[in-house]
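> give me the fold of what follows.
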Amino acid sequence: MTTGLHESLASAAKNTNNWSGVTLVAPLFGAYFADALFGKYWTIAAVSAIYIAGLLLLTISVSISSLRPPPCMENGNCPTATQGQMAFFFVSLYLISIGTGGLKPCLEAFGADQFDERNKVERQRKVSFFNWWYFGLCMGALIAFTILVYIQDNVSWGLGFGIPAIAMAVALVIFMAGTKFYRHKVPAGSPLTLIAKVVISAIRKRHMELPDNPAVLYDGLDKDSPLMVKRKLSHTNCLRFLDKAAILDHSSFDANHPRSWYLCTLTQVEEVKLLFCIFPIWLTMLTYGIVFAQTSTLFTKQGSTMNRRINAHFEIPAASLQSFTTISILMLIPIYDRAFVPLFRRLTGHQRGITMLQRIGIGLLMSILSMIVAAVVEKQRIDVAREHDLLDSPKSVIPISIFRLLPQYILSGVSDVFAIVGQQEFFYDQVSDRARSFGVALYLCAMGVGSFLSSLLITIIESITGKGSSWFNSNINRGHLDYFYWLLAVISTANFILYSVISHSYEYKELRSMDSLLIE
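Down below sits the predicted model:
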């Protein structure tokens, strides 16, 4: 955005965060269509087509000169993009957002659905699924950060975006070819509708007394769900007011036609409790989302001013430095899955080696370290620029190796292996069967809201410091990204303390029966 559309650093960072935020919040809508209406399979097929359309429009946007502003002049003045150029560019980007909004929650949940949890072997393989799923995503990201970025910088932007469009079309064909081999679970209704039913039912029976024995609460067949859920959830003592939704009012009860907005099953009540109980955990993930957003924005901007030459003939594109985060993930995931988990499984007796929340907590700690290291390196970069009288030459190469950024990128990768994969598994596992896509969408939404909060935080800081020594000066050498990183480290530390308190009291979901789900 800074090079092609000539946006300022602050504007580009905010637009990137906003787009990332929409991309990561959109999965809530994709999850609704998958869980409540069309099922995961058909949702995946439809949004893939939208995704391909967005990639094609983006390819056109960067290929036709009339759709982008003229290059910068020799005096350094850069013409701004017209409203039409900006509109065409962002329409293509947000079509991609819609596509990923449906793909991300549905594709991952659809993959996890292929394992039968009644089978011990498949259940254990499912634990590894989330690790290898993220491994596959990062392998694709590595190709994007290296080969595609190189093509965009040295060949053409059109080819750099055209290749993903073709690859996505091929992927859709391959996905459709495997249709007959998949386990297709029918949509079971929206979890948001279920929340409304349980809450309204509990409010309507608010004057009724809760029984001392939860075994007398109604737990008949869920006739509202085409899935006819047979996996029963154990009763929990949290949010007991909601139990009133499952109290039988014998004076008005009809076993053949129970009133769904007056009487809910105990399992339905527990499904809603699950969503309410994971909400505090979800809130603590927002701060992690703010930190997560920096890797693709400010980290890259740092690297663009540093010495990126390997030799006289090759220079590393600044955006490709993200590949070091990806490489660290690709190296660590096999070690985690094949060595760490078996070792700690023997030590703790836990199927996953450590609990999902412990895994996330380790990732949060690593993200704090990443911000601390980023702040220290940024201070060093500014000091070197000052020593060589380059503070007012933002386009000059500062004689400090770009590899100084490696530690913060690697720590970010280690953090992802623990926190990101841990969140994916936690939010998929700790919701009900009918809300699997919604659970994955919650994790993605946390990252999306984190991107919005990052944009908001940048706006607030810019409004406070913009009149003086702005932290986000267009001349990055006169800015104070190090202050921003220190601020994020402090906020993340406070968030980690809060997370530790909340996670310590969390009760994991417990099933009373493991009967299978009806399959299409």
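> show me what the helix or strand encompassing residue 440 is packed against.
Assigned by DSSP states H and E, residue 440 belongs to helix 436-465. Helices and strands touching helix 436-465, as assessed by 3 or more C-beta pairs under 8 Å, 6 or more residues apart in numbering; DSSP states H and E, comprise helix 9-25, helix 27-32, helix 83-112, helix 266-294, helix 421-429, helix 481-504. Glycine gets a C-beta too; all of them are placed from N, C-alpha and C.
> to the chain's geometric centre, what's the distance from the fifth one?
Spelled out, it's helix 421-429. Centre-to-centre, helix 421-429 and its host chain are 11 Å apart (C-alpha atoms, centre = their mean, to the nearest Å).
> same deal with the shortest one?
Computed by C-alpha atoms, centre = their mean, the chain-centroid distance of helix 27-32 equals 13 Å.
> which non-adjacent residue is nearest the residue positioned nearest the centre of the chain?
In the chain, the residue lying closest to the centroid (C-alpha atoms, centre = their mean) is residue 444, at 3.1 Å. Nearest residue to residue 444, sequence neighbours excluded (C-beta to C-beta, 6 or more residues apart in numbering): residue 27, at 4.4 Å.
> how near is the one you found to residue 115?
21 Å (C-beta to C-beta, to the nearest Å).
> got the contact list for the closest residue to residue 424 other than its chain neighbours?
Nearest residue to residue 424, sequence neighbours excluded (C-beta to C-beta, 6+ apart): residue 130, at 5.1 Å. Residues in contact with residue 130 (C-beta atoms under 8 Å, 6 or more residues apart in numbering) are 112, 421, 424-425, 428.
> next: residue 354.
Per C-beta under 8 Å, 6+ apart, neighbours of residue 354: 344, 348, 362.
> closest one of those to residue 306?
Distance to residue 306, by C-beta to C-beta, is smallest for residue 362 among the contacts of residue 354, at 29.8 Å.
> so for that closest one, what's the pLDDT?
Residue 362 carries a pLDDT score of 97 in this model.
> just how off-centre is the strand or helix carrying it within its chain?
Assessed by DSSP H and E, residue 362 sits inside helix 356-387. On the basis of C-alpha atoms, centre = their mean, helix 356-387 sits 20 Å off its chain's mean C-alpha point.
> what's the burial count for the closest residue to residue 278 other than its chain neighbours?
Among residues not flanking residue 278 along the chain, residue 430 sits closest, at 5.5 Å (C-beta to C-beta, 6+ apart). Residue 430 has 20 neighbouring residues, counting by other C-beta atoms under 10 Å.
> quick check on residue 430: phi, psi?
Per-residue torsions, residue 430: phi -90, psi 20 (degrees, to the nearest 10).
> correct me, but it touches residue 439?
Yes: using C-beta atoms under 8 Å, residue 430 is in contact with residue 439, at 7.0 Å.
> show me the contacts for residue 418.
359-360, 362-363, 366 are the contacts of residue 418 under C-beta under 8 Å, 6+ apart.
> list the contacts of the residue nearest to it when sequence neighbours are not counted.
The shortest distance from residue 418 to any non-neighbouring residue, by C-beta to C-beta, 6+ apart, is to residue 363 (3.3 Å). Applying C-beta under 8 Å, 6+ apart, one finds that residue 363 lies in contact with 288, 414-420, 422.
> end to end on stretch 205-216, go ahead and measure it.
End-to-end distance for stretch 205-216, by C-alpha to C-alpha, to the nearest Å: 16 Å.
> residues contacting it, please?
With C-beta under 8 Å, 6+ apart as the test, stretch 205-216 has contacts from 217, 235, 240-241, 243-245, 247-249, 262, 266.
> mind putting those residues into TSV with distance to residue 98, pLDDT and neighbour count?
As requested, those are exported to TSV (distance: C-beta to C-beta, whole Å; pLDDT from 0 to 100; neighbours: other C-beta atoms under 10 Å):
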residue	distance to residue 98	pLDDT	neighbour count
217	41	90	20
235	40	88	20
240	40	92	14
241	38	93	11
243	39	94	23
244	40	94	22
245	35	92	26
247	42	92	19
248	44	85	16
249	44	78	13
262	37	85	15
266	38	91	22
